[in-house]
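J.: Sequence first, predicted model second:
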Amino acid sequence: MIRLFDIATTQEDKNGVPRTAFRFTREEVSRLLGRDYSGSSKDKGRLVAALLQAGAHEWVKTGEVLDREEDLLVVGPAIEYVSLAPHSYHYCGYDDSDPWYEWGYTAVRVPDPEDRTIYADQYVTHIEVRPDVGIQTNDADGACVVWGKGMPCPFVRLED
């Protein structure tokens, strides 16, 4: 069984634009196909079917397959980001889930030089907008986001 979280990655296109991608090792491809990848539409169809069965978004149907020496990538759309409120923090340990989705939130915490509390959460600046991500709220008080089960958390830090 494929776990999307384990194979989800980012691939830059020739213009340096980051794109959503899924990475298969050569061993994983051989296990799925029963042989090496040939580049045929039938092979691509079997990889896409495996991704869809694991819960990937429909974009994989039209994704580009990059057959590299060390691995194989199914590359999708450009990644877009939405800015979060200044001083946003997220802790993955507080994320919740059901059989279909995961969700989490940010808290806005203005730095206080007198505060000696050690927090578990991490500073984040953006939400990665993917087909599986739904932004419920995003305002000056924080953000609440839902995303596909087994997919990476969309809260990211792009800048200091």
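T.: Yep, that arrived.
J.: From now on I want contacts and neighbour counts done on CA atoms only, so please keep to that.
T.: OK.
J.: for V29, phi and psi?
T.: Dihedral pair for V29: phi -60, psi -50, per degrees, to the nearest 10.
J.: For the protein, which segments count as strands?
T.: Shown for the chain, the strands assigned by DSSP state E span residues 8-12, 18-25, 64-67, 71-78, 80-90, 96-97, 101-105, 107-108, 122-129, 134-139, 142-148, 155-156.
J.: Pick the most deeply packed of those strands.
T.: For these, the largest average neighbour count (mean count of other C-alpha atoms under 10 Å) is found in strand 155-156, namely a mean of 23.
J.: can you list contacts of that strand?
T.: Identification of contacts with strand 155-156 by C-alpha atoms under 8 Å, 6 or more residues apart in numbering yields H90, V124, T125, H126, I127, E128.
J.: could I get those residues as a markdown table with distance to D6 and pLDDT?
T.: A markdown table is the format used below for those (distance: C-alpha to C-alpha, whole Å; pLDDT from 0 to 100):
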| residue | distance to D6 | pLDDT |
| --- | --- | --- |
| H90 | 21 | 97 |
| V124 | 22 | 96 |
| T125 | 23 | 96 |
| H126 | 22 | 96 |
| I127 | 20 | 96 |
| E128 | 17 | 92 |
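J.: May I have the distance across stretch 85-102, first residue to last?
T.: The straight-line separation of the ends of stretch 85-102 (C-alpha to C-alpha, to the nearest Å) is 21 Å.
J.: So what touches that stretch?
T.: 103-111, 120-125, 138-142, 146-150, 153, 155.
J.: can you do 6 Å?
T.: With contacts defined as C-alpha atoms under 6 Å, 6 or more residues apart in numbering, stretch 85-102 is touched by 103-104, 106-110, 121-124, 140, 146-149.
J.: quick one: buried residues of the longest helix along the chain?
T.: For the chain, the helix that runs over the most residues, judged by DSSP state H, is helix 41-53. Neighbour counts over helix 41-53 (16 or more other C-alpha atoms under 10 Å) mark D43, K44, L47, V48, L51, L52 as buried.
J.: domains for this structure, by residue range?
T.: 4-78, 80-156 (automatic domain parsing).
J.: ok, back up a step: in TSV: the strands of the chain, plus distance to Y37.
T.: TSV is the format used below for these (distance: least, C-alpha to C-alpha, whole Å):
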stretch	distance to Y37
strand 8-12	19
strand 18-25	11
strand 64-67	8
strand 71-78	9
strand 80-90	31
strand 96-97	35
strand 101-105	32
strand 107-108	46
strand 122-129	31
strand 134-139	34
strand 142-148	28
strand 155-156	34
